[in-house]
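**Q** just to be clear, the model below is a prediction. Sequence and coordinates:
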Amino acid sequence: MQGVLTGFAVIAVVIGVGWLIGRRGYLGENGREVLTKLAFHVASPALLFTTLARADLSVIFSSRLLVTAMSTAAAAGAFVVVGAVRGWGVGRTTIGALCSSYVNSGNLGIPIAVYVLGDASLVAPVLLFQQIVVTPVALTVLDLSGPGEKGSVWLRLVTPLRNPIAVGSLAGVAVSASGLRVPGPVMDPLTLIGNMSVPAVLLAFGISLCGSTLPGRGADRHPVLLSVLLKAVGQPAVAWALAAGVFGLHGAPLLDVVVTSALPAAQNLFTYASRYLVGETLARESILLSTILSVPALVVIATALG
């Protein structure tokens, strides 16, 4: 229980600092944009490379990852179906699908895994799946659905290789799979740069809250509420049903997959929305509401299954 509250308290403080920075105008009019670009193009790729380069890729064959993949697909798929029917557009629907299923496995998942589950490595399957599969696919869709010339078929096929987030993730996986050990003089600077990612994302998110209206009341009300419902209730419910009913998990493994699926939408989704100039309000409000609702959800899950 303490781990849940500790993880949220840390995030709330950093977001609050970002809000204060925006309120006071310390970084000027373009502060949020600079932080977003820093996180997207530099810090996040470095963080993902250093994290995945040291990861044990054997976790991708676990039943826990299958539960994660299936529950993610179910939540994202439900949003995509509704978005297609309602005509919300490819880019906006993609951001909403991410907000419905992409969990905060890094800056919130790790402390909660330590304090609630007792092992930080338990979020590794979620982190790997999201960075190896979900992120490259989603960002490729955003790249191809955005304005501008799309180029030849070949350029479309190599779109993931031109995205810094995808490149950082895939490079880290390649290093881990090869068994190579990155020398300290190379890894240490990358680690230092990667450490900027989470603070930059949270500060940019806090700045974006300045002057914003109450979430769930504007033009994006319906996609916001749908994504939050899927994230806070739908995804963990599907994960529990699959883990217990299909894969026969119980005890600690069951608690693990349900807790990780109930984590709120990740703040870096707002970075993606800002980078592609699509669904920014949807991402901001979905992240905020899902973060608030995940507190009681995680408490209930930890109490019921712990």
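**A** Looks like it came in fine. In this text, all values refer to a predicted model and were calculated from it rather than measured experimentally.
**Q** okay, and D256 sits in which element?
**A** helix 252-261 (DSSP states H and E).
**Q** wait, doesn't N104 sit right on L263?
**A** Yes. The pair N104 / L263 is scored as a contact, 4.9 Å apart, by C-beta atoms under 8 Å. In short, each C-beta sits where N, CA and C put it, glycine included.
**Q** quick one: which of these two has more around it?
**A** L263 (28 against 25; other C-beta atoms under 10 Å).
**Q** checking that one next. Helix, strand or coil?
**A** Under DSSP: H, G, I helix; E, B strand; the rest coil, L263 falls in the coil class.
**Q** what's the next secondary structure element after the helix holding D256?
**A** Later in the chain than helix 252-261, the nearest helix or strand by DSSP H and E is helix 268-276.
**Q** now the element after that next one, going C-ward?
**A** Next in sequence after helix 268-276, counting helices and strands by DSSP H and E, comes helix 280-305.
**Q** give the rounded mean pLDDT of that next one.
**A** Averaging pLDDT along helix 280-305 gives 86.
**Q** check which helices and strands that helix is in contact with.
**A** helix 2-24, helix 90-101, helix 197-208, helix 221-229, helix 252-261, helix 268-276 (3 or more C-beta pairs under 8 Å, 6 or more residues apart in numbering; DSSP states H and E).
**Q** 7 Å instead, please
**A** With contacts defined as 3 or more C-beta pairs under 7 Å, 6 or more residues apart in numbering; DSSP states H and E, helix 280-305 has these neighbours: helix 2-24, helix 90-101, helix 221-229, helix 252-261, helix 268-276.
**Q** what angle separates the third one from helix 90-101?
**A** Taking axes from the mean of the first three to the mean of the last three C-alpha atoms, to 10 degrees, helix 221-229 and helix 90-101 form an angle of 30 degrees between their directions.
**Q** buried set for helix 221-229?
**A** 223-229 (16 or more other C-beta atoms under 10 Å).
**Q** could you say what helices and strands it packs with?
**A** So helix 221-229, by 3+ C-beta pairs under 7 Å, 6+ apart, packs with helix 63-86, helix 90-101, helix 280-305.
**Q** if you set the cut-off to 6 Å instead, what comes out?
**A** helix 90-101, helix 280-305 (3 or more C-beta pairs under 6 Å, 6 or more residues apart in numbering; DSSP states H and E).
**Q** could you do the first one as well?
**A** Helix 2-24 is packed against helix 109-112, helix 197-208, with contacts defined by 3+ C-beta pairs under 6 Å, 6+ apart.
**Q** now the first one: average pLDDT?
**A** When pLDDT is averaged along helix 109-112, the result is 64.
**Q** export only the CA atoms of the helix or strand following that helix, formatted as CSV.
**A** As assigned by DSSP H and E, the chain's next helix or strand after helix 109-112 is helix 124-129. Output in CSV follows, covering the C-alpha atoms of helix 124-129 (Å, rounded to 0.1, in the frame of the first residue of the first chain):
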residue,chain,number,x,y,z
ALA,A,124,10.3,-5.8,-17.4
PRO,A,125,7.9,-7.8,-19.5
VAL,A,126,5.5,-4.8,-19.8
LEU,A,127,8.4,-2.4,-20.5
LEU,A,128,9.8,-4.7,-23.2
PHE,A,129,6.5,-5.4,-24.9
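**Q** what comes into contact with helix 124-129?
**A** Applying C-beta atoms under 6 Å, 6 or more residues apart in numbering, the contact partners of helix 124-129 are 55, 59-60, 62, 64-65, 68-69, 105, 260.
**Q** and if you look at stretch 38-46?
**A** 164-165, 168, 190, 193-194, 196-197, 200-201, 271, 275.
**Q** would you mark the buried spots in it?
**A** 38-40, 42-46.
**Q** I'd like the helices and strands packed on helix 280-305 as CSV, with distance to V137 appended.
**A** Below are these laid out as CSV (distance: least, C-beta to C-beta, whole Å):
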stretch, distance to V137
helix 2-24, 26
helix 90-101, 9
helix 221-229, 18
helix 252-261, 19
helix 268-276, 12
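**Q** for those helices, give me JSON lines that also has distance to L282 and mean pLDDT.
**A** Formatted as JSON lines, the helices and strands packed on helix 280-305 follow (distance: least, C-beta to C-beta, whole Å; pLDDT from 0 to 100):
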{"stretch": "helix 2-24", "distance to L282": "18", "mean pLDDT": "81"}
{"stretch": "helix 90-101", "distance to L282": "6", "mean pLDDT": "95"}
{"stretch": "helix 221-229", "distance to L282": "5", "mean pLDDT": "94"}
{"stretch": "helix 252-261", "distance to L282": "21", "mean pLDDT": "88"}
{"stretch": "helix 268-276", "distance to L282": "7", "mean pLDDT": "87"}
